[in-house]
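Chemist: with the input below, show me the fold.
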Amino acid sequence: MAAAGPGTYLVDSWASASESSGSEDDEWMKESQSRVNLSNSNLSSDILDLHITSMMTMGEPCLFFQVTHLKLDNNLLRDIPEILGNLTSLTCLDLSNNSISQVGDSVINLTALNKLILRNNELSEEGLPKDMIALRNLKTLNLSGNRLTCVPPQLLDLAGLRNLFLGANQITEITPAINRLRRLRLLYLGGNQLETLPHEIGDLKQMHVLLLSDNKLRRLPESICSLRKLQCLQLHRNCLTTLPHGLIHVKSLAELSLRENPLVMRFIRDMEYQPASLLEIAGRVVKQNKIPYEDNDLPASLHSYLTCAHECVNPSCRGVYFDHRVEHVKFSDFCGKYKVPLLQYLCSPRCREQLPEYRDCEVEDELAEKSQRLKRVLLG
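Modeler: A predicted model of the protein is given here:
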């Protein structure tokens, strides 16, 4: 069987529920000529080729070409016979738990395919077809438990993809071009080697479930707070010390898993601050003193720069910042019980001195309302 990535981390609760619900298993057991189950049959690639050929020649070929569901999981396959490309009515193909290292171009002929499961094989980026854009009907793709080191670029052409499973690989970074998958509702990246996420992750506005557990994440981009449909965010077993402050405004969030992160085991006390550049100092003076200017008074680049000023979160400060800021940790009650450190930004260290920096904050109205929505905060 193929290597499963780090440890035995293959699937997570959401992934399991999405991939193998009882109702779906029942569907495979239905008596139907359109469903063929060849699981656990000790089939090699050559034997499968002969098996399908005999079914096509000895039976009713026209009926075989109408097969919509084909299960070939838990066999001895090393590649996919080209003859499978003739089954153009296939909507679901399960090839999980084999030793497949190469997916031939014949799969591209399966243009009706809705679900393709290649979990727990031996696939690298080179093992996939270079062009997959013909699979325009593909909604679910499972490549968990393989040998991927990045998100294969050809996957970004699957514009209709709803569920993408890439867990238990060796992926070290996510390309900013992930935002091309605008219809993604579930993204499973657990059990990889991620240290950061791109800002563009916040462009996936349809995201409901984001699974990032068992990585090396040290922080999350603020853009993750713009995922206004996010219901489940799994972050356990990472290296997180804070969460973006805007996370409390994600009203849809119902499950947040944080256990085995430094933010749970010990609250951070370090801050980062870099001296402001001359450009920033000048920009702050203009904004703080409300110096009037017209569009024609400044180059377009400076005008654009001045419009991106951020207000200091200290309520007694009227300052602004652009690129250089002080990190401040605010402890907030997330669920009526747990104190969670949320990351805020101040314009200067002086603002930090004016705040009760490391004591527990009172529960704000918005957080009290949040505690009614958030069903599960998993800290231990």
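
Chemist: flag the shaky bits of the stretch 51-200 of the chain, pLDDT-wise.
Modeler: Counting by pLDDT under 70, the ranges of the stretch 51-200 of the chain that qualify are 56, 58-64.

Chemist: ranges for the helices of it?
Modeler: 61-64 (DSSP state H, counting those that start in this stretch).

Chemist: let's check: the centremost residue of this protein is which one?
Modeler: Leu187 (3.6 Å; Cα atoms, centre = their mean).

Chemist: ok, that residue touching His208?
Modeler: No - with contact defined as Cβ atoms under 8 Å, Leu187 does not count as touching His208 (9.6 Å). No exception for glycine: its C-beta is placed from N, CA and C like everyone else's.

Chemist: domains in this protein, by residue range?
Modeler: 13-265, 278-321 (automatic domain parsing).

Chemist: for Pro341, find the nearest of those domains.
Modeler: When the domains of the chain are compared by Cβ to Cβ, domain 13-265 sits nearest Pro341, at 5.1 Å.

Chemist: where do the strands of the stretch 1-150 of the chain begin and end?
Modeler: Ranges of strands in the stretch 1-150 of the chain, per DSSP state E, counting those that start in this stretch, are 35-37, 69-71, 92-94, 115-117, 140-142.

Chemist: same deal with the stretch 151-300 of the chain?
Modeler: Here the stretch 151-300 of the chain has its strands, by DSSP E, counting those that start in this stretch, at 163-165, 186-188, 209-211, 232-234, 243-244, 255-257.

Chemist: CSV for those, including distance to Lys130?
Modeler: Formatted as CSV, these follow (distance: least, Cβ to Cβ, whole Å):
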stretch, distance to Lys130
strand 163-165, 19
strand 186-188, 23
strand 209-211, 28
strand 232-234, 32
strand 243-244, 37
strand 255-257, 36
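
Chemist: would you confirm that Cys232 contacts Val209?
Modeler: Yes - using Cβ under 8 Å as the test, Cys232 is close enough to Val209 to be in contact (4.5 Å).

Chemist: who's the residue nearest to the centre of the chain bridged to?
Modeler: For Leu187, the beta-bridge partners under DSSP bridges are Leu164, Leu210.

Chemist: and it, what is it in contact with?
Modeler: Leu164, Leu166, Leu204, Met207, Val209, Leu210, Leu211 (Cβ atoms under 8 Å, 6 or more residues apart in numbering).

Chemist: let's see that with 10 Å instead.
Modeler: Applying Cβ atoms under 10 Å, 6 or more residues apart in numbering, we find Leu187 in contact with 161, 163-167, 174, 178, 181, 201, 204, 207-212.

Chemist: circling back: which residues do Leu187 and His208 both contact?
Modeler: Shared contacts of Leu187 and His208, defined by Cβ under 10 Å, 6+ apart, are found at Asn163.

Chemist: coming back round to it: and of the domains of the chain, who's closest to Tyr345?
Modeler: Between Tyr345 and the domains of the chain, the shortest gap by Cβ to Cβ is with domain 278-321, which sits at 6.5 Å.

Chemist: in TSV: the strands of the stretch 1-150 of the chain, plus distance to Pro349.
Modeler: Formatted as TSV, the strands of the stretch 1-150 of the chain follow (distance: least, Cβ to Cβ, whole Å):
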stretch	distance to Pro349
strand 35-37	66
strand 69-71	61
strand 92-94	57
strand 115-117	53
strand 140-142	48
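
Chemist: hang on, the earlier thing: mark which of the contacts of Leu187 are buried, thanks.
Modeler: When these are checked for burial by 16 or more other Cβ atoms under 10 Å, the buried set is 161, 163-167, 174, 178, 181, 201, 204, 207-212.

Chemist: centre of the chain to stretch 173-185, how far?
Modeler: Chain-centre distance of stretch 173-185: 8 Å, with Cα atoms, centre = their mean, to the nearest Å.

Chemist: could the domains of the chain go into CSV alongside distance to Gln344?
Modeler: Supplementary listing: the domains of the chain in CSV, determined by distance: least, Cβ to Cβ, whole Å:
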stretch, distance to Gln344
domain 13-265, 5
domain 278-321, 5
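
Chemist: give me whichever of those domains is most buried.
Modeler: Compared across these, domain 13-265 shows the largest average neighbour count, a mean of 18 (mean count of other Cβ atoms under 10 Å).
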